[in-house]
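Novice: Starting from these lines, generate the structure:
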Amino acid sequence: MTTRLTLWIACAALLLPACKAEDDGPKDPSGPNDPNDPMDPMDPMDPPTAWLVGEDGEMLRLTLDEEVSTYPLDRATDFAAIACNGEATAWVVGDGATLLLTRDAGETWNPIELGLPATTHLRSIAVTEHEPEGAETLWVVGDEGIALRSTDGGHAFTPVGSPAVDWTSVATDAHGEVAFAAGQDGSVWRSDAGAPFVAVHAADAEALYDVAVSADGTLVVAVGEGGRVLRSEDAGDRFTSIGSGTVFDLHAVQLQSDATIMAVGEVGVVSRIDAAGPRVQQLLGPDDTLFDLHLRADGFGETVGSGGAVLRTTDAGEHWDPVATGRTADLHGVDDFHPGPHL
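Specialist: Have a look, this model is predicted:
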C-alpha cells in the first residue's frame, strides 16, 4: 500500500491532462462511417441518439432511424464504458489507461493523458448531469484501487484515496458531491467530495458489477452475480438484499425517477423492480449477455451486449426491439447526448 500511495503522489503532479488530437488519429476526420455504405455523419437532420463502445476499440453511432455507423479509431483497446453530458460532451474509458473526450457530439474524439501506467485498466466513469458542459465533476475508477476525480470538466484529475480493490463501477449524484464504487470482491464504498473511499458494504463471495445512485444521493443500488441486488435508502448507511426475479448475473443497473430499478445481464435478462416486485424478461440466447443499459427521461433507450447485440425501447423498458448493427464485437457501454436527465 505504501508503494502504491507513493506512486500516486508522484503521478499527481502529472495529472493535468492535455487534450490533443489522436496521434494515430481517426482514419476519416469527417467522423463516423457506415459499416456497409458510407453516409454523411453530420447531417443536421440525422442527429445521433446513442454511442456504443466495446471490445477492440469498437465505437458505433446509432441514429433515431436505427442507422449504424462506425467511428474509425486506430485503437485495439477494449473500451469499458461511456458517459455523456448534455448535447455534445461524452467520455469513454478503457484498457491502456484510456480516457477519450468529445465536446462536439462525436465529430472528434480526443485522448486525455492521465499520467497512469499504460497497463492501467479503467472500468467505469461517472459524470454529473446538473453541471454545464466543460465544468462537470467526473469520477473514474479501475483495477487495483485506481480512483480519480475532476471538478473542472477533466482539465485536472486528483487521486482519491482507495483500497486495492478491483473496481467494476462508480456512480455519483447530480452534483458530484458523493460517489459510490462497487468492487469485484462484492464490496461497496463511498467517497464524499473526493475524500478517501470508506466501506459501506463489506466484501463477500459474490461480485458486484454495477452501481447506480439517485440524483440526490440517497438511493443506492448495486447488482451482480447470481441476480444479486443490494439497495440502500439512506445514502449507503445500510444495504439490504432484495429479490430480482432471476438467478442470472446482472451487469448493469439504472434508477428511474420513481425509484424503479432496471437491471440487465446474462441471457439478455431484463429485471424491472418496483413496488409490486420484480418482472423479468429474457431477450437473448443462453450464451449471450447484456452488459450495459441506458434510459432517458422520455422512456427512450438502449441495452447492449455480446456479439454486437443492441436492443431499443421507447417505453422505459416495457418492450424491447432488436437493432441490427452488422457488427460482432462485444459492446460494453451505451449512452447518448441528451438535453434532459436520464430516468
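
Novice: before we move on, which element is Gly106 in?
Specialist: Secondary structure assigned from DSSP states H and E places Gly106 in neither a helix nor a strand.

Novice: where does Pro322 fall, phi/psi-wise?
Specialist: For Pro322, the backbone dihedrals (degrees, to the nearest 10) come out as phi -70, psi 150.

Novice: so it sits right up against Gly307, yeah?
Specialist: No. Under the contact definition of Cβ atoms under 8 Å, Pro322 does not touch Gly307, with a separation of 11.5 Å. Every residue, glycine included, has its C-beta placed from N, CA and C.

Novice: how about low-confidence regions in the stretch 1-150 of the chain?
Specialist: Filtered on pLDDT under 70, the stretch 1-150 of the chain yields the residue ranges 1-48.

Novice: Which parts of it are helices?
Specialist: Under the criterion DSSP state H, counting those that start in this stretch, the stretch 1-150 of the chain contains helices at 2-12.

Novice: Based on its surroundings, how many neighbours for the residue nearest to Val229 when sequence neighbours are not counted?
Specialist: Nearest-residue entry for Val229: Ser244, 4.7 Å, with adjacent residues in sequence omitted and distances by Cβ to Cβ, 6 or more residues apart in numbering. By other Cβ atoms under 10 Å, 24 other residues sit near Ser244.

Novice: residue contacts, Ser244?
Specialist: Val223, Gly227, Arg228, Val229, Leu250, Ala263, Ser271, Ile273, Pro278, Val280 (Cβ atoms under 8 Å, 6 or more residues apart in numbering).

Novice: Kindly recompute the last result at 7 Å.
Specialist: The neighbours of Ser244, taking Cβ atoms under 7 Å, 6 or more residues apart in numbering as the test, are Gly227, Val229, Leu250, Ala263, Ser271, Ile273, Pro278.

Novice: Most neighbours of all those residues, which one?
Specialist: With neighbours set by other Cβ under 10 Å, the maximum within the contacts of Ser244 is found at Ala263, which has 30 neighbours.

Novice: List the strands paired with the helix or strand hosting it, with their directions.
Specialist: Applying DSSP H and E as the criterion places Ala263 in strand 261-265. When pairing is defined by DSSP bridges, strand 261-265 lines up against strand 250-255 (antiparallel), strand 269-274 (antiparallel).
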